[in-house]
Structures are given as structure tokens and as C-alpha cells.
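J.: fold the following.
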Amino acid sequence: MRWRDRVIGIVLGVILGVGIVAGFVFLYSEDTVDAPSISTGDRGSGRRSEGGNSGSVPPVATVRVIDGVPPASGPAELHYRRDDLVRLRVVSNGVVGVELIGYGIERTIPAGEPTLIKFKASKKGSFPLVVAASRIDVARITVGAPSV
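T.: Now for the predicted structure:
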């Protein structure tokens, strides 16, 4: 085997290896503890940047429920200001009932159908969104001081 063939083989192997690893990291690792993300839109932070336009509406946050529990990365941590419009898109792989403790909101989430829960963040504090049957937190909504 000639040296040129070896160099070509090594370069192709490195490129293929990097491509496979990058594909796994960005396409197939959403349920891991350290799930990477290019943008925060789907992670559901619900947080506005400090000093941003106070009239803007926080984005719709996605809360995932897998077999009645949150993803391996843990419950979604969502932050809002008092009087914000909170919009949660809850997605589950099975039919599950959820309850937002402190706001008295209950919904049944059908399997595979995103369900929108929206309400005005009228109370300051920390409020868990729990699976009704098991009382396991799938999200924690923290409401801080009102916008100025």
C-alpha cells in the first residue's frame, strides 16, 4: 500500500468520525443530561434577556413528558416576570394528566399531541407542573418581580 493511499484513508476516517459524532450530538442526544442545543427556542427557558423590550411576550416553552416523567435532563426550569403571559407547550408520549400547583390549572395531555397551557403569571413564587397521578415535577415555573 502506498503512503498516499494511507493518508487518504486517514483523512477520510477522521472526516467520517467527526461527522458521525456531530450527527449524534445534534440529532440524537436530546434526552441526555447535557443535551446540546444550537438555539434555546426548544429548550423552553421562557426567560427574556435582561434589559430587553418590556413589552415583548416570552416565547412558548416546550415541556416534555416521557413515560410520565421529565426527560433525563430533569424538569424544565422556566422563568417569568409577574404579569407575563406564560405559554407552555406540553408534549407527552402517552396520555397523562398534569397540574400546575398554585394556579389550579389541570389538563389531560393526549399522546403525541402538543397541548397549549397559557395563563397570566399573577403570583410571585415557584410553582411546579406535576404529573397528577405520581406528583412528579416535569417543570418548575418561577415568577419574579413585575416588568417595569
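J.: would you map the strands across the chain?
T.: 61-65, 76-81, 85-92, 96-100, 105-109, 115-120, 125-131, 137-144 (DSSP state E).
J.: rounded mean pLDDT for the last one, please.
T.: The one in question is strand 137-144. Average pLDDT, strand 137-144: 92.
J.: any idea how far it is from the chain center?
T.: 12 Å (CA atoms, centre = their mean, to the nearest Å).
J.: picking up where we left off before, turn the strands of the chain into a markdown table, including distance to residue 10.
T.: Any C-beta I mention is one placed from the backbone N, CA and C, and that applies to glycine too. Listed next are the strands of the chain as a markdown table, based on distance: least, CB to CB, whole Å:
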| stretch | distance to residue 10 |
| --- | --- |
| strand 61-65 | 41 |
| strand 76-81 | 43 |
| strand 85-92 | 43 |
| strand 96-100 | 50 |
| strand 105-109 | 50 |
| strand 115-120 | 51 |
| strand 125-131 | 51 |
| strand 137-144 | 47 |
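J.: show me what contacts the nearest residue to residue 110 once chain neighbours are set aside?
T.: Nearest residue to residue 110, sequence neighbours excluded (CB to CB, 6 or more residues apart in numbering): residue 95, at 5.9 Å. Contacts were defined as CB atoms under 8 Å, 6 or more residues apart in numbering; by that measure residue 95 touches 108, 109, 110, 111.
J.: ranking the strands of the chain by burial, who's on top?
T.: Of all the strands of the chain, strand 61-65 carries the top mean neighbour count, a mean of 22, counting by mean count of other CB atoms under 10 Å.
J.: parallel or antiparallel, which strands does that one pair with?
T.: strand 85-92 (parallel) (DSSP bridges).
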